[in-house]
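Student: Kindly return the folded structure for what I paste below:
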Amino acid sequence: MEKTIHMVVTSVLILACLLFPVNIAMSSEATVKKVALKVEGMSCASCPATVKSALKRLPGVISADVSYKEKKATISYYDGKVTVEKMIKAIEDAGYHADLNTGEKR
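Tutor: Model (predicted):
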């Protein structure tokens, strides 16, 4: 019985080791993009933290810099893992209005 458990655990660990590098390879092949979004409705200095938190919860978002003064969020993300539309929705679900900055492309 103990030998069987040991074999099962060993097999699971080997399988996990084989699968993990595949996920890393897929992530490294994704294109990193950057987008700037206008964010309206921020009324205090803590609002940017709320917007940043909403964006960082999205799978595929690498970083988010949010400026209260500029009313802007600059987001680095993996193309194909998250869309600009999902970022805008996350900001709006947090209680703010978001749209593409002038000159930005989706």
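Student: Can you list the strands that the longest strand seen in the chain pairs with?
Tutor: Scanning the chain for the strand with the most residues, using DSSP state E, yields strand 32-40. Paired with strand 32-40 in the same sheet, following DSSP bridges, are strand 72-78 (antiparallel), strand 97-100 (antiparallel).
Student: tell me the most buried of these?
Tutor: Among these, strand 72-78 has the highest mean neighbour count (mean count of other Cβ atoms under 10 Å), at a mean of 20. C-beta coordinates here come from the backbone N, C-alpha and C atoms, glycine included.
Student: Other residues contacting it?
Tutor: 27, 30-39, 51-52, 55, 58, 60-67, 87, 91, 98, 101 (Cβ atoms under 8 Å, 6 or more residues apart in numbering).
Student: what ranges of the chain fall below the confidence cut-off?
Tutor: 1-29, 102-106 (pLDDT under 70).
Student: Quick check: can you list the domain ranges of the protein?
Tutor: Using automatic domain parsing, the domain parsing of the chain gives 1-29, 31-100.
Student: Start and end of the last one, how far apart?
Tutor: The one in question is domain 31-100. Its first and final residues considered, domain 31-100 spans 20 Å by Cα to Cα, to the nearest Å.
Student: Start the count at 30 instead of 1 going forward.
Tutor: Sure, I'll start numbering at 30, so the last one becomes domain 60-129.
Student: For the nearest residue to Lys62 once chain neighbours are set aside, grab the count of nearby residues.
Tutor: Among residues not flanking Lys62 along the chain, Asp108 sits closest, at 4.8 Å (Cβ to Cβ, 6 or more residues apart in numbering). Using other Cβ atoms under 10 Å, the number of residues around Asp108 comes to 13.
Student: Only the buried residues of stretch 114-128, if you could.
Tutor: By 16 or more other Cβ atoms under 10 Å, the buried positions in stretch 114-128 come out as Lys115, Met116, Ile117, Ala119, Ile120, Ala123, Tyr125, Ala127.
Student: Tell me which two in those are the farthest apart.
Tutor: Distance extremes for these: the farthest pair is Lys115 and Tyr125 at 14.9 Å, using Cβ to Cβ.
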